[in-house]
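In: Let's see this in three dimensions:
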Amino acid sequence: MIKTRKIFLIAMATLLTITSCQEDVLETENLSAYAEDSVFSDPDLLERVVFSAYNSTEGWALNKTIWWSRRYNIEAGSFEAKFNFRDLDRLRLRGNGWTAQNEGDFRNKWRDNFRFVNEINQFLDAVDDSPAMAEDPSRVNELKGEMKFLRANIYTKLIKMYGGVPIFSTAFGLDSEFDVTRNTYQECVEFIVRELDEAATLLPDSRPANEFGRATRAAALAVKSRTLLYAASKLHNSDTAPNGPLYDYNVSSKWQDAANAAKAVIDFYNKELIATPDAQAYRNLFLSANEDIIFARPYGGDLYDFGLDVNSLIDQTQSPPGYGGWAISSPSHNFALEFNMADGSTTDGATYDSTDPNSNREMRYYAVMNFQGAMFRGRAIDYALSPDNPSFHGLDSPEGGSVGSPGNSLHSSKTGYNIRKFHNESLGSLTETTPGRPYILYRLAEMFLNYAEAQYHLGNEDVAKTYLNKVSSRALQPQITASGSDLLEAIKRERRIELAFEGHNFWDERRWMNTANLGFDIRGLKWKKDSSGNLLAPEEYTVVTRPWYDKQYYLPIPNTEVLKAPSLQQNTGY
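Out: As a prediction, the model looks like this:
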């Protein structure tokens, strides 16, 4: 049964300063100037409360409440990349790993997500009997659908981070019972699915262009698909550790349910992916609204959370230092080797030349990665040092300042790579913004890959390959014909590459329990030039070693919260 007792977090007022998620209503307004009766009497004011709740979704920032982590995302803790500046361990994945007293830049996630849950619950507790509902039931029921969608999306994030968490379907207040227990993981999944099924009946099938970024029926179905795929995965089997009610999903039809949920989205759209004949066409998919996007947060002239803080945008935070960028996340050479060659062969084969690693790679390599010699913003990226003739040091190298680099040399890439995906290279400067540029949360290619993975586990390899190839072929790769365990590895590789830097890999490697990509030597390339400025073959080296601790399948419940609610069971290993 869902617990209606109230969590121990600080109660929030319903009437908050609201920032809209829409480009045409970005102005803020302090609703505390209005009485609560006024808010629930006015559909327009209720809509502004909904806009506030959209700030519960992810954006470019890993953690909006911490300065550093407003400038990078979870890729820096995944197989994909590492935190670059001074090799700092911002995510506490090295040393002794996370503790209940210190989760690194994940801190406040428990607190902030449950604050949004309470804000949404305050809305849902009052909206059905409100004058606004009586005045305009169609519009207000749609707002209700958005709030149910957002609450379910929050819970989907919470169970990825913590396993089973307390479920709250009503708001808490000062007289609430604060000592609560955690629901089981399976109860949480079932709650999320019920909420999304109801939200889907209330949300519209589509939105006009000026409402890009607001939830639709397809968005609710997409969250359901991801939730059920994760629940079906190895991490949640009862025969893997950690196990028990806080982590297990014991549903015999789990892979069929995951397949059905993905297919519901696919059937809703009933279309193929947008064609991408070259790397620029592929990059363009991430720069503006398009039909492949199911749900995204749009940025504009004002950021929805941070006003004019353009330093939180990808152009400033991830460009190499020779362009004035901060290059905060460095993709690993390990990850770069996941990209195939243009002919579909792997980098383990004869067609890959380690002395010339950036030639003849698959199209997405050139769309997603910045590397030595890549043409970016009008010049070739140059990470190389020239020990015998310092005048040839690269602008993006650790000594770039000596040859005129405008950036801080401490931001030079430690791995020999930077992120190219998401950049708008047509902007005149790194501090300009792109109206409506999306941070994509759910898109159609993911649904094809979700469906392929579920069908593989159901034993339907031909169906799995059909949908896997819809994604791979769009990227100009040859047809995948693998079977058995090789097919599963092909599905995993395709997720890594197609969904690169979109916040998936950190969780995918965990749910697959693929410890080789969780704890490993993070490799990089060092580039040098001879005394005449000629580029030499790169040297591969270990940048840092990231250990793995099984406890880090989940975050710890913050110790401060356990002290407030002793009945909360701490996660295994903390």
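
In: And the residue nearest to residue 390 when sequence neighbours are not counted, how close does it get to residue 89?
Out: Excluding the flanking residues, the one nearest residue 390 by CB to CB, 6 or more residues apart in numbering is residue 402, at 6.1 Å. No exception for glycine: its C-beta is placed from N, CA and C like everyone else's. Distance, residue 402 to residue 89, by CB to CB, to the nearest Å: 29 Å.

In: so where's the stretch 151-300 of the chain shaky on pLDDT?
Out: Within the stretch 151-300 of the chain, the segments meeting pLDDT under 70 span 174, 300.

In: Helices along that one, start to end?
Out: For the stretch 151-300 of the chain, the helices defined by DSSP state H, counting those that start in this stretch occupy 185-202, 217-232, 254-269, 279-284.

In: Any idea how many residues pack against residue 128?
Out: By other CB atoms under 10 Å, the residues close to residue 128 number 11.

In: I'd like to know how far it sits from residue 145.
Out: With distances taken as CB to CB, residue 128 is found 13 Å from residue 145.

In: go on, residue 476?
Out: Residue 476 sits 39 Å away from residue 145, going by CB to CB.

In: can you redo the helices of the stretch 151-300 of the chain as TSV with distance to residue 210 and mean neighbour count?
Out: Below are the helices of the stretch 151-300 of the chain laid out as TSV (distance: least, CB to CB, whole Å; neighbours: other CB atoms under 10 Å):
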stretch	distance to residue 210	mean neighbour count
helix 185-202	20	20
helix 217-232	17	25
helix 254-269	21	20
helix 279-284	21	17
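
In: picking that back up, for residue 402 and residue 89, work out which one has more neighbours and name it.
Out: The neighbour comparison of residue 402 against residue 89 (other CB under 10 Å) goes to residue 89, with 17 against 12.

In: Name the SS class of residue 123, please.
Out: Assigned by DSSP: H, G, I helix; E, B strand; the rest coil, the conformation of residue 123 is helix.

In: so it touches residue 49, yeah?
Out: Yes. Counting by CB atoms under 8 Å, residue 123 touches residue 49, with 5.7 Å between them.

In: the strands in the protein, which residues?
Out: For the chain, the strands defined by DSSP state E cover 17-18, 29-30, 81-83, 293-299, 329-331, 369-371, 375-376, 379-380, 417-419, 437-443, 520-526, 539-546.

In: strand partners of the fourth one, parallel vs antiparallel please.
Out: In the sheet containing strand 293-299, its partner strands are strand 437-443 (antiparallel), by DSSP bridges.

In: between residue 476 and residue 145, who's got more neighbours?
Out: residue 145 (22 against 17).

In: The more buried one - nearest residue in space that isn't next to it in sequence?
Out: Spatial nearest neighbour of residue 145, chain neighbours left out: residue 202 (2.8 Å); criterion: CB to CB, 6+ apart.

In: same thing with residue 189?
Out: Nearest one to residue 189, counting by CB to CB, 6+ apart, is residue 231 at 4.8 Å.

In: pretty sure that neighbour is in contact with residue 248, am I right?
Out: No. With contact defined as CB under 8 Å, residue 231 does not reach residue 248; the gap is 9.7 Å.

In: okay, and the common contacts of those two?
Out: With contacts defined as CB atoms under 8 Å, 6 or more residues apart in numbering, the residues shared by residue 231 and residue 248 are 185, 186.

In: Relative to residue 375, how far out is residue 482?
Out: Look at residue 482 and residue 375: by CB to CB, they are 34 Å apart.

In: swap in residue 567?
Out: In terms of CB to CB, residue 567 sits 58 Å off from residue 375.

In: try residue 119
Out: Look at residue 119 and residue 375: by CB to CB, they are 46 Å apart.

In: which residue is nearest the centroid of this protein?
Out: What sits nearest the mean C-alpha location of the chain, by CA atoms, centre = their mean, is residue 503, with 2.5 Å.

In: follow-up on the earlier one: okay, residue 123 and residue 49: which has more neighbours?
Out: Per other CB under 10 Å, whichever of residue 123 and residue 49 has more neighbours is residue 123, with 26 against 22.

In: What confidence value was assigned to the more buried one?
Out: Residue 123 is assigned 97 on the pLDDT scale.

In: swap in residue 33?
Out: pLDDT at residue 33 comes out at 51.

In: Kindly report the same for the one 3 residues further on.
Out: In this prediction, residue 36 carries a pLDDT score of 74.

In: For it, grab the count of nearby residues.
Out: By the criterion of other CB under 10 Å, residue 36 has 14 neighbours.

In: where exactly do the helices run in the stretch 301-450 of the chain?
Out: For the stretch 301-450 of the chain, helices defined by DSSP H, counting those that start in this stretch occupy the ranges 314-318, 333-336, 363-368, 444-457.

In: distance between stretch 213-230 and the chain's centre?
Out: On the basis of CA atoms, centre = their mean, to the nearest Å, stretch 213-230 sits 14 Å off its chain's mean C-alpha point.

In: same deal with stretch 67-76?
Out: How far stretch 67-76 lies from its chain's middle: 11 Å, per CA atoms, centre = their mean.

In: can you list contacts of that stretch?
Out: 58, 60-64, 81-84, 90-91, 105, 306, 309, 311-312, 317-318, 326, 328-329, 331, 419, 501, 503, 505-506.

In: Touching, the residue nearest to residue 390 and residue 393? I think so.
Out: Yes. Using CB under 8 Å, residue 402 is in contact with residue 393, at 5.9 Å.

In: More neighbours: which of residue 119 and residue 375?
Out: Neighbours were counted for residue 119 and for residue 375 using other CB under 10 Å; residue 119 has more, 23 against 11.

In: residue ranges with poor pLDDT in this protein?
Out: 1-35, 174, 300-310.

In: was I right about residue 508 contacting residue 498?
Out: No. Residue 508 is beyond contact range of residue 498, at 11.5 Å (criterion: CB under 8 Å).

In: Look up how far residue 245 lies from the residue nearest to residue 189.
Out: Distance from residue 231 to residue 245, by CB to CB: 14 Å.

In: what's the overlap in contacts for these two?
Out: By CB under 8 Å, 6+ apart, the residues touching both residue 231 and residue 245 are 185, 186.

In: hmm, back to that, between the helices of the stretch 301-450 of the chain, which one is nearest to residue 557?
Out: Residue 557 lies closest to helix 444-457 among the helices of the stretch 301-450 of the chain, at 28.8 Å (CB to CB).

In: Can you check what angle separates that closest one from strand 293-299?
Out: Relative orientation of helix 444-457 and strand 293-299, computed by axes from the mean of the first three to the mean of the last three CA atoms, to 10 degrees: 140 degrees.

In: what packs against helix 444-457?
Out: Secondary-structure packing of helix 444-457 (3 or more CB pairs under 8 Å, 6 or more residues apart in numbering; DSSP states H and E): helix 217-232, helix 254-269, strand 293-299, helix 461-474, helix 484-498.

In: From the rest of the structure, what touches that helix?
Out: Helix 444-457 has contacts (CB under 8 Å, 6+ apart) with 222, 225-226, 229, 232, 255-256, 258-259, 261-263, 265-266, 269, 271, 273, 291-294, 461, 463-468, 470-471, 474, 487-488, 491, 494-495, 498-499, 504.

In: can I get the CA coordinates of that helix in CSV?
Out: The C-alpha atoms that make up helix 444-457 are tabulated as CSV, following Å, rounded to 0.1, in the frame of the first residue of the first chain:
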residue,chain,number,x,y,z
LEU,A,444,12.5,8.1,-30.6
ALA,A,445,15.9,6.4,-31.1
GLU,A,446,15.9,5.4,-27.4
MET,A,447,12.5,3.8,-27.8
PHE,A,448,13.8,1.7,-30.8
LEU,A,449,16.8,0.6,-28.6
ASN,A,450,14.6,-0.1,-25.6
TYR,A,451,12.4,-2.3,-27.8
ALA,A,452,15.4,-4.1,-29.4
GLU,A,453,16.9,-4.9,-25.9
ALA,A,454,13.5,-6.2,-24.6
GLN,A,455,12.9,-8.3,-27.7
TYR,A,456,16.4,-9.8,-27.4
HIS,A,457,15.6,-11.0,-23.8
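
In: Brilliant, that's me finished.
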